[in-house]
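J.: With the sequence up front, the predicted model follows.
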Amino acid sequence: MIDGLILSNVRTSSPNAILAPTPIKLQKHVVSSMSTPTMISSTSYSSPNSTTSTTSTNSSNPSPTIDWTHERIISLIKLYEKKSVLWNPSNPEYFHRDIRNMVYDDLVRELNIPDLTVNETKRKLENLRSYFRRETKKLQDHERKTNEKLLSRWPYY
């Protein structure tokens with residue numbers, strides 16, 4: 001056994017053939033008989049008698065990718081900040097999904113970016129919030145360890 005998990009696999013060419021187990025290796029890197037490294041995905045299986053297979057990526061995103069320029073991101077942040085129903089739980093309408101969806105629609109319309117969808121906008125906002133949280137944690141950790149304040153270089157902080 002070399003760098004992998006050996007499983008047994010039963011292969012037969014006819015129904016009356018004698019069953020013989022064939023080893024299968026489950027691993028990330030498989031070295032073929034010619035010592036050429038071959039990369040396979042972690043969910044793929046390789047048998048010594050078979051070719052290497054990889055899992056295909058699902059590119060089912062029908063919408064075009066939006067070019068988020070600095071100006072567009074600033075506009076998005078400013079509009080989002082004005083619409084407290086989207087981010088403030090103390091706003092009475094925050095918990096009304098229909099109202100929030102209408103406000104998201106308005107936000108997308110006000111951004112006036114061709115082919116922009118509400119889902120893409122939500123995804124961008126979530127990415128910005130995630131990055132903000134990471135940046136905040138980084139700054140807090142640095143201050144806690146060194147007792148000196150560090151200023152973020154991220155333009156949206």
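T.: Sure thing, it's come through.
J.: Tell me where the protein has helices.
T.: Secondary structure of the chain, counting by DSSP state H: helices at 70-82, 97-111, 118-146.
J.: where in this structure is pLDDT low?
T.: 1-64 (pLDDT under 70).
J.: Neighbours of residue 82, how many?
T.: 10 (other CB atoms under 10 Å). Every C-beta, even on glycine, is put in place using the N, C-alpha and C of the backbone.
J.: How about the one 10 residues further on?
T.: Look at residue 92: counted by other CB under 10 Å, it has 10 neighbours.
J.: again with residue 111
T.: For residue 111, the neighbour count with other CB under 10 Å is 15.
J.: Could you verify my assumption that it touches residue 124?
T.: No: using CB atoms under 8 Å, residue 111 makes no contact with residue 124, being 10.1 Å away.
J.: hey, what's in contact with both of the two?
T.: Residues touching both residue 111 and residue 124 (CB atoms under 8 Å, 6 or more residues apart in numbering) are residue 76.
J.: returning to what we had before: tabulate the helices of the chain in TSV, adding columns for distance to residue 152.
T.: Below are those laid out as TSV (distance: least, CB to CB, whole Å):
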stretch	distance to residue 152
helix 70-82	15
helix 97-111	25
helix 118-146	5
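J.: just so I know, which of those lies nearest residue 157?
T.: Closest to residue 157 of the helices of the chain, according to CB to CB: helix 118-146, at 5.8 Å.
J.: Please identify the buried residues of that closest one?
T.: By neighbour count on 16 or more other CB atoms under 10 Å, the buried set for helix 118-146 is 120, 121, 124, 125, 128, 139.
J.: quick one: which of these is nearest to residue 92?
T.: Relative to residue 92, the closest of the buried residues of helix 118-146 is residue 125; by CB to CB it sits at 21.3 Å.
J.: nearest spatial neighbour of the closest one, skipping sequence neighbours?
T.: Once flanking residues are discounted, residue 125 sits nearest to residue 80: 6.2 Å by CB to CB, 6 or more residues apart in numbering.
J.: circling back to that earlier point, need the buried residues of helix 118-146 in a markdown table with distance to residue 148, can you?
T.: A markdown table is the format used below for the buried residues of helix 118-146 (distance: CB to CB, whole Å):
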| residue | distance to residue 148 |
| --- | --- |
| 120 | 39 |
| 121 | 37 |
| 124 | 33 |
| 125 | 32 |
| 128 | 27 |
| 139 | 11 |
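J.: Much appreciated, bye for now.
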